[in-house]
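Participant: model this:
(2 chains)
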There are 2 protein chains.
Amino acid sequence: MSGAKRVAYLGPPGTFGEEAALRYAPESELLPFPSHAAVAAAVESGMADVGVVAIENSLNGSVAETLDILIHDTTLQIIDELLLPIVHNLVVKPGTRADRIRVIYSHPQALGQCRQFLERCFPNAQLEAALSTAHAVELALKHDHDAAAIATVRAAELAGAEVLARSIQDARNNVTRFVVLGTERRPPTGFDRTSIAFTFADDRPGLLASVLNEFAARSINCTKLESRPTKAVFGEYVFLIDFEGHQDDPPCRDVLDAIRPKCAMLKVFGSYPRWRG
Amino acid sequence: MSGAKRVAYLGPPGTFGEEAALRYAPESELLPFPSHAAVAAAVESGMADVGVVAIENSLNGSVAETLDILIHDTTLQIIDELLLPIVHNLVVKPGTRADRIRVIYSHPQALGQCRQFLERCFPNAQLEAALSTAHAVELALKHDHDAAAIATVRAAELAGAEVLARSIQDARNNVTRFVVLGTERRPPTGFDRTSIAFTFADDRPGLLASVLNEFAARSINCTKLESRPTKAVFGEYVFLIDFEGHQDDPPCRDVLDAIRPKCAMLKVFGSYPRWRG
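Facilitator: Below is the predicted model:
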């Protein structure tokens, strides 16, 4: 929770992005934008005070667009994180009966995450892609009681639709981690996480090993290690590490000083309080 | 190129999956399947001899579904790889004029990869999601000369559509790497690559460092290092490494023997000839 006044998120209203923004700052003014890049630009330009963006999902892994913005495009800081359970629901025009449903709309990712449910309960329904789960509800409502959408409960409420089945996702542990982007650095709280990205001038595997050894030598716990293609050359990577602690804590400052000379690029995305649920 | 008789791929015809399968085995019988998991199942069950699946893209990173199949679901071996440049085209019903296009269909990823072109040339067109680029062509052809699709040239040919603009993707270096799955191990060719996945029993960063040190000590070049969430617990990872050499080459056999005791799980996806273009 936060006192931020204007919170940018990936819209439209009724998506998980809005749900995350509402959890983060329930009293704030929420501003939907059409892409994660637009959310970052809204904060950079002062249209919004902070922006909430999805960064990874427990089933699908990282959100490439968000990582690429943090790596290449912005100097905004990560100032907070939150974890949101992803719950999918079958949403229909009020009065639609399950046995009349012939078309089911949703974002391809949501369709994929409900595959078992759809195969069991609607083996003959036609699955149609939509640009977002909220857009799927709009498309379903245009039909005459033979369509459904997979969406959030809030998207159903906003559109005046009915929730026919709840929590239809195949996996129980479907969680998305969101980060909050702001313009100012957060001071240490004693229970923080720091996110960094780095590259090497050449691709000797010994270099990454020596970076990891610096963390190990200081008993600093790394909570994430990932790589992303640099986009320039196939097989060249940007490495991403999240570790426990604040960049102003002495052991963390120390490890950053030790690895900086090994890297061609080292960028600190920010230090922020760890999510307590 | 290969002598495989029946090649499974992610359909429908006209997608990049078919293009990769055609390049790999132009004389073969091509069998489209609706998901990467279905492609693997077709090979496992003997319906197809080999399967061609996308594994990573130079702009978007890894194909999560393929990695998860290799990690969790199959004992098939990677027996080959190929790199395919991704070229998007604007496809219309014959006779459609550019200035009449109001709706543009494609897979959300293709829409994203052509964003600059769309913003410049069709700032007012409505973008609509489709489940594949081939499906997008079908949807566009249902319209009365006011719609377009983003798709392959072959998808246009198969559907009797016209290519209005070629190579409209924003980035020039958009390449997808495909791997070929089969049931038998490939013998060494002297110019091979090996793909492995592994996990640790606990998450000390020193463990990954010591694995990388084993490669460095033998001067074995790692061409990919990635991580994927285990899907069980947030913050637990499966690590993936591609390295140059065949698992039967003495230094590679040696490094696998050295790292096996450090890992909770170690799986060799296969050794296969490196792509020569």
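
Participant: ok, now which ones touch whichever residue of the stretch 1-150 of chain A sits closest to chain B?
Facilitator: Ranked by Cβ to the nearest Cβ, the top residue of the stretch 1-150 of chain A for proximity to chain B is A:A129, at 4.0 Å. From N, CA and C alone the C-beta is placed, and that goes for glycine too. Applying Cβ atoms under 8 Å, 6 or more residues apart in numbering or on different chains to A:A129 gives the contacts A:Y105, A:S106, A:H107, A:P108, A:L111, B:H107, B:P108, B:A129, B:A130, B:L131.

Participant: go on, A:V211?
Facilitator: Contacts of A:V211 by Cβ under 8 Å, 6+ apart are A:F198, A:F239, A:I259, A:K262, A:C263.

Participant: Which ChimeraX command selects the buried ones in the contacts of A:A129?
Facilitator: Here is the ChimeraX command that selects the buried residues among the contacts of A:A129 (16 or more other Cβ atoms under 10 Å in any protein chain shown):
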select /A:105,106,107,108,111 /B:107,108,129,130,131
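
Participant: Out of the contacts of A:A129, list just those in strands.
Facilitator: A:Y105, A:S106, B:A129 (DSSP state E).

Participant: separation between the second one and A:F269?
Facilitator: As for A:S106, its distance to A:F269 is 31 Å (criterion: Cβ to Cβ, to the nearest Å).

Participant: hmm, back to that, distance check, the residue of the stretch 1-150 of chain A closest to chain B against A:A149.
Facilitator: In terms of Cβ to Cβ, A:A129 sits 12 Å off from A:A149.

Participant: Same check on A:A136?
Facilitator: Taking Cβ to Cβ, one finds A:A136 at 4 Å from A:A149.

Participant: State the mean pLDDT of stretch A:198-215.
Facilitator: Mean pLDDT, taken over the full extent of stretch A:198-215, equals 83.

Participant: Any idea what the residue of the stretch 1-150 of chain A closest to chain B is bridged to?
Facilitator: Assessed by DSSP bridges, A:A129 has beta-bridge partners A:S106.

Participant: Now tell me what touches stretch A:252-265 from outside.
Facilitator: Here stretch A:252-265 has contacts from A:194, A:196-201, A:207, A:210-211, A:214-215, A:218, A:220, A:238, A:243, A:245-247, A:266, A:268, A:271, using Cβ under 8 Å, 6+ apart.

Participant: per-residue confidence at the residue nearest to A:A130 when sequence neighbours are not counted?
Facilitator: Excluding the flanking residues, the one nearest A:A130 by Cβ to Cβ, 6 or more residues apart in numbering or on different chains is A:A136, at 3.8 Å. Turning to A:A136, the model gives it a pLDDT of 94.

Participant: Helix, strand, or coil at A:A136?
Facilitator: Judged by DSSP: H, G, I helix; E, B strand; the rest coil, the three-state class of A:A136 is helix.

Participant: what are the ranges of the strands in the stretch 51-200 of chain A?
Facilitator: In the stretch 51-200 of chain A, the strands defined using DSSP state E, counting those that start in this stretch lie at A:61-62, A:77-85, A:89-92, A:103-106, A:126-129, A:147-151, A:162-165, A:175-182, A:192-199.

Participant: quick one: is the second one near chain B?
Facilitator: Yes: using Cβ under 8 Å from any Cβ of the partner chain, strand A:77-85 reaches chain B at A:L83.

Participant: mean confidence score for that strand?
Facilitator: 96.

Participant: Identify each buried residue in the lengthiest helix in chain A, please.
Facilitator: The residue-count maximum for a helix in chain A (DSSP state H) belongs to helix A:205-217. Neighbour counts over helix A:205-217 (16+ other Cβ under 10 Å) mark A:P205, A:L207, A:L208, A:A209, A:S210, A:V211, A:L212, A:N213, A:E214, A:F215, A:A216 as buried.

Participant: B:L208 versus the last one, what's the distance?
Facilitator: Using Cβ to Cβ, we find A:A216 at a distance of 9 Å from B:L208.

Participant: Please apply the same query to the fourth one.
Facilitator: Here A:A209 is placed at a distance of 8 Å from B:L208 (Cβ to Cβ).

Participant: How about the residue sitting nearest the centre point of chain A, nearest residue that isn't a chain neighbour?
Facilitator: Centroid check for chain A by Cα atoms, centre = their mean gives A:A54 as the closest residue, at 1.4 Å. Nearest-residue entry for A:A54: A:V63, 4.9 Å, with adjacent residues in sequence omitted and distances by Cβ to Cβ, 6+ apart.

Participant: residues touching that neighbour, list them.
Facilitator: Per Cβ under 8 Å, 6+ apart, neighbours of A:V63: A:H36, A:V53, A:A54, A:I55, A:E56, A:N57.

Participant: List phi and psi for the first one.
Facilitator: Phi and psi for A:H36, reported as degrees, to the nearest 10, are phi -60, psi -40.

Participant: got a list of what it touches?
Facilitator: So A:H36 contacts A:L10, A:V53, A:A54, A:V63, A:E65, A:T66, A:I69 (Cβ under 8 Å, 6+ apart).

Participant: any idea which of these is the one closest to A:K93?
Facilitator: Distance to A:K93, by Cβ to Cβ, is smallest for A:L10 among those, at 25.9 Å.

Participant: Hmm, A:E65 and the closest one touching each other?
Facilitator: No: the criterion here is Cβ atoms under 8 Å, and A:L10 misses it with A:E65 at 9.3 Å.

Participant: where do the contact lists of those two overlap?
Facilitator: With Cβ under 8 Å, 6+ apart as the test, A:L10 and A:E65 both reach A:S35, A:H36.

Participant: more neighbours, the two?
Facilitator: Taking other Cβ atoms under 10 Å in any protein chain shown, A:L10 and A:E65 do not tie; A:L10 has more neighbours (27 against 17).
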